[in-house]
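Chemist: model the structure of this input:
(chains A and B)
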Amino acid sequence: MSDSGLTPATGQRMLVLVPAFNEEGAIARVVESIRREVPGVPVIVVDDCSIDTTIQEARGAGAHVLCLPHHLGLGGCVQTGYKLAFELGYEYVIRVDGDGQHDPRDIPRILAALRSSGCEMAIGSRFVEESSDHTSISRSLGIHLFRAVLRPILGKPVHDPTSGFVGVNRRALAVFSKSFPLEYPEIETLVVLQRKAFTFVEVPCRFHPRTTGRSSITPLKSIYYIVHVLLGVLINVLKYEGGARRGVRGK
Amino acid sequence: MVLIVLVLSSVRRAHIRVEYSVSWLLASVALLVLSLNPGLIERAAYAFGITYAPVALLLIAGAAFLLVFFRISVIISKLKDDNIALAQRLAIVEYHQRNTQ
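Modeler: Numbers count the residues shown, from 1 in each chain, chains lettered A, B, ... in the order given. Below is the predicted model:
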């Protein structure tokens, strides 16, 4: 592999991945706050073919930028970052959304949880310790539905299945760089983890309301979202890998 | 007949690849044969328990087109997966290239 400027330095094993699509209003602030909270950790923004100045803003703030040639959607965007991180040999990747909803001060907690638990994924959750005021009614209803659906599948409760504030280790990177849900990946990812007998841990984190841009999930898309995700979960359950599931479950 | 001519013409002009024209050609030839042989349709209708034979022709045509459409969905899904993988690889290669210059 050539030296890309992102090759992990000695002792540097973590990468922060920021998927972004038309986030010119928030991306510089997000990158700057990440670099302030975890100095020395490389930040890569994967730009999903934005039509605004997201790329320039991200570069100006000191991020490495990976530019997709056309719009792939969130899952394809995140997977591209995972592929690059895996190829470059990173041990841990923390995903932080580019809209400013995730608080970079929680990155060290997610990394610590990954390291100490041995789990393949750590999910930054807004509901582990308390309810959040920043969640819309429709999203809250969706979260309750998905909690109920996932509970028997995962064999343990998951408080915030739609959270995109996640950290993964190299074992998960190896899987996700080959296979990753391409639309609305958060919930399906949990089922993929379960199929592989991987485990996850939830970490209480702070979430902020979106200040710029628009959510990718509009009210009109909500029904499609629910049907799509439920179908994705069902398909992943049908892919059940009996042998793999005998591994350690929920920590 | 019109469909057969359209498919063959499209293949000749390279508007459709030969391998993807096969489904359409098979479906259109099957419909042509059934249309030209009322006895076949009546036997098919009898086999399906349909009293009015032309309805059997419509059902068979509908089923044939559904199969073709499903095959097209499978092909599109494969193309989309390939396209995503290519776009991701291109982005990563361009990233490395930009950073080694």
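
Chemist: show me what from chain B comes close to chain A.
Modeler: B:Ile84, B:Ala87, B:Gln88, B:Leu90, B:Ala91, B:Ile92, B:Glu94, B:Tyr95, B:His96, B:Asn99, B:Thr100 (CB under 8 Å from any CB of the partner chain). Using the backbone N, CA and C atoms, a C-beta is placed for each residue, glycine as well.

Chemist: name the member of these that has the highest neighbour count.
Modeler: B:Ala91 (26 neighbours; other CB atoms under 10 Å in any protein chain shown).

Chemist: burial of the closest residue in space to that residue that isn't next to it in sequence, as a residue count?
Modeler: Nearest residue to B:Ala91, sequence neighbours excluded (CB to CB, 6 or more residues apart in numbering or on different chains): A:Leu68, at 4.9 Å. Using other CB under 10 Å, A:Leu68 is surrounded by 24 other residues.

Chemist: wait, what's in contact with A:Gly124?
Modeler: Neighbouring residues of A:Gly124 by CB atoms under 8 Å, 6 or more residues apart in numbering or on different chains: A:102, A:106, A:109-110, A:160, A:163, A:165-167, A:202-203, A:205, A:207.

Chemist: state the mean pLDDT of stretch A:192-202.
Modeler: Averaging pLDDT along stretch A:192-202 gives 86.

Chemist: and the end-to-end length of it?
Modeler: For stretch A:192-202, the separation between the terminal residues is 17 Å (CA to CA, to the nearest Å).

Chemist: and it, which residues are buried?
Modeler: Buried residues in stretch A:192-202, counted by 16 or more other CB atoms under 10 Å in any protein chain shown: A:Val192, A:Leu193, A:Gln194, A:Arg195, A:Lys196, A:Phe198, A:Thr199, A:Phe200, A:Val201, A:Glu202.

Chemist: output the contacting helices and strands for whatever helix or strand the third one lives in.
Modeler: Taking DSSP states H and E as the criterion, the element that holds A:Gln194 is helix A:185-195. Applying 3 or more CB pairs under 8 Å, 6 or more residues apart in numbering or on different chains; DSSP states H and E, one finds that helix A:185-195 makes contact with helix A:74-88, helix A:137-154, helix A:170-176, helix A:222-238.

Chemist: can you check the pLDDT for the residue nearest to the spatial centre of chain B?
Modeler: By CA atoms, centre = their mean, chain B has its centre lying nearest to B:Val68, at 3.6 Å. pLDDT recorded at B:Val68 is 85.

Chemist: please work out which of the helices and strands packed on helix A:185-195 is packed deepest.
Modeler: Counting by mean count of other CB atoms under 10 Å in any protein chain shown, helix A:74-88 has the highest mean neighbour count of the helices and strands packed on helix A:185-195, with a mean of 24.

Chemist: is there any residue in it that contacts chain B?
Modeler: Yes. Using CB under 8 Å from any CB, helix A:74-88 reaches chain B at A:Gly76, A:Gln79, A:Thr80, A:Lys83, A:Leu84, A:Glu87.

Chemist: that helix: how far from the chain's middle?
Modeler: Offset of helix A:74-88 from its chain centre (CA atoms, centre = their mean, to the nearest Å): 11 Å.

Chemist: what's in contact with it?
Modeler: Contacts of helix A:74-88 (CB under 8 Å, 6+ apart): A:1, A:4, A:6-8, A:15, A:17, A:19-21, A:44, A:46, A:48, A:66, A:68, A:72, A:93, A:95, A:164, A:168, A:170, A:173-174, A:176-177, A:180-185, A:216, B:84, B:87-88, B:91-92, B:95.

Chemist: helix, strand, or coil at A:Gly164?
Modeler: coil (DSSP: H, G, I helix; E, B strand; the rest coil).

Chemist: that one reaches A:Asp97, doesn't it?
Modeler: Yes. Between A:Gly164 and A:Asp97 a contact is recorded at 5.1 Å, counting by CB atoms under 8 Å.

Chemist: need the longest strand for chain A.
Modeler: Once chain A is assigned using DSSP state E, the strand that runs over the most residues is strand A:14-20.

Chemist: burial count for A:Tyr90?
Modeler: A:Tyr90 has 24 neighbours, counted by other CB under 10 Å.

Chemist: ok, now B:Val93?
Modeler: The burial count for B:Val93: 10, using other CB under 10 Å.

Chemist: equivalent analysis for B:Ile72, please.
Modeler: Neighbour tally, B:Ile72, other CB under 10 Å: 13.

Chemist: that one is in what secondary structure piece?
Modeler: Going by DSSP H and E, B:Ile72 is in helix B:53-100.

Chemist: just want the angle from that helix to helix A:74-88.
Modeler: Interaxial angle, helix B:53-100 versus helix A:74-88 (axes from the mean of the first three to the mean of the last three CA atoms, to 10 degrees): 40 degrees.

Chemist: quick one: buried residues of the particular helix or strand that has B:Leu40 in it?
Modeler: Using DSSP H and E, the secondary-structure element containing B:Leu40 is helix B:38-48. Buried residues in helix B:38-48, counting neighbours by 16+ other CB under 10 Å, are found at B:Leu40, B:Ile41, B:Ala44, B:Ala45.
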